[in-house]
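Asks: Please find the sequence and the predicted model below.
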Amino acid sequence: MDLYARRRVVNGVVMTLSVAATAFGLLWLVLVLWTLLENGIAAITPALFSQMTPPPGSAGGLLNAIFGSVVMTLIATLIGTPTGILAGTFLAEYSRGSRFGEVVRFINDILLSAPSIIVGLFVYELLVVHMGHFSAWAGAVALAIIVIPVVVRTTEDMLNLVPNALREAAAALGSPKWKVIVMLAVARIAGETAPLLFTALNNQFWSTDLNAPMANLPVVIFQFAMSPYADWQVLAWGGALLITLTVLFLNIGARMLASWSTFKQ
């Protein structure tokens, strides 16, 4: 067998193994999504968005859990996104060659890989123990701590993708550095950091008091899925499907925003 034929055989074997590995990975994703759709589609009714979490054997929905997740996610976004964008901008634009910047980047990498249970224990000790009870503030702060390192890394990576030639051209035209950063990167950063996860602490009732425990989707889903009641399990599947669809639409919206900002530039 000559060299060309041997290379074609090796290429075919590697391509076959790569396709098989990809199909193997996608198989489990498809099975998970199919199971989620099969079990959760029945729970996607108007009652899911208009009724409270019910006692066993009663009809109900997830209105209080949806409301709690949205509120705590918005608070965490207001805390974590500006902090992360400013810190990422500092790392990408102002800390090159700085020892302090390297320390900040190292600590951010540690936070990025820290298990969420560690963040939860930290917030529990910081807020819950001192307040004497769970609260929506504690859930929002925990989520914000999880969000910040992700936004920092995304911001830094997005700014590093901007060619230095564009910065130099803007400087040659007399544009201030802050304006160059805003015009070239903010829309792209916003598009990449839009999708967020829902997390926090929980109760079973409607509450708008941020100082009190507030229902949220992940905890309600866990509690209902682990219960022996069929009606609760159906709601758990519906909540899981709702979160999946929300993340899907957020990602689609983020990609559209990023494409639009790139087109405008």
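Replies: Thanks, I have it.

Asks: What's the per-residue pLDDT of residue 191 here?
Replies: At residue 191, the pLDDT value in this model is 49.

Asks: where does the longest helix anywhere in the chain sit relative to the chain's centre, distance-wise?
Replies: Taking DSSP state H as the criterion, the chain has its longest helix at helix 3-40. Offset of helix 3-40 from its chain centre (Cα atoms, centre = their mean, to the nearest Å): 27 Å.

Asks: Let's test this: mean pLDDT of it, rounded?
Replies: 91.

Asks: residue ranges of the helices in the stretch 1-150 of the chain, please?
Replies: For the stretch 1-150 of the chain, applying DSSP state H, counting those that start in this stretch gives helices covering 3-40, 46-50, 63-89, 99-113, 116-123, 129-131, 136-160.

Asks: Which SSE is immediately downstream of the helix or strand bottoming out on mean pLDDT in the chain?
Replies: Sorting the helices and strands of the chain by mean pLDDT, DSSP states H and E puts helix 177-193 at the bottom, at a mean of 60. Sequence-wise, the next helix or strand downstream of helix 177-193 (DSSP states H and E) is helix 217-226.

Asks: buried ones in that following helix?
Replies: By neighbour count with 16 or more other Cβ atoms under 10 Å, helix 217-226 contains the buried residues 217, 218, 219, 220, 221, 224. For glycine as for every other residue, the C-beta is placed from the backbone atoms N, C-alpha and C.

Asks: again, but for stretch 237-246
Replies: 237, 238, 239, 240, 241, 242, 243, 246.

Asks: what pLDDT, on average, does it get?
Replies: Stretch 237-246 comes out at a mean pLDDT of 90.

Asks: swap in stretch 116-131?
Replies: 88.

Asks: Pull out the buried residues from that stretch.
Replies: For stretch 116-131, burial by neighbour count (16+ other Cβ under 10 Å) applies to 119, 120, 123, 127, 128.

Asks: Same check on stretch 35-48?
Replies: For stretch 35-48, by 16+ other Cβ under 10 Å, it's 36, 39, 40, 43, 47, 48.

Asks: from those residues, which is closest to residue 3?
Replies: Residue 3 lies nearest to residue 36 out of the buried residues of stretch 35-48, by Cβ to Cβ, at 49.5 Å.

Asks: Report the contact partners of the residue lying closest to the closest one once chain neighbours are set aside.
Replies: Distance criterion Cβ to Cβ, 6 or more residues apart in numbering; nearest residue to residue 36, sequence neighbours excluded, is residue 241 at 5.4 Å. Counting by Cβ atoms under 8 Å, 6 or more residues apart in numbering, residue 241 touches 36, 37, 40, 41, 43, 44.
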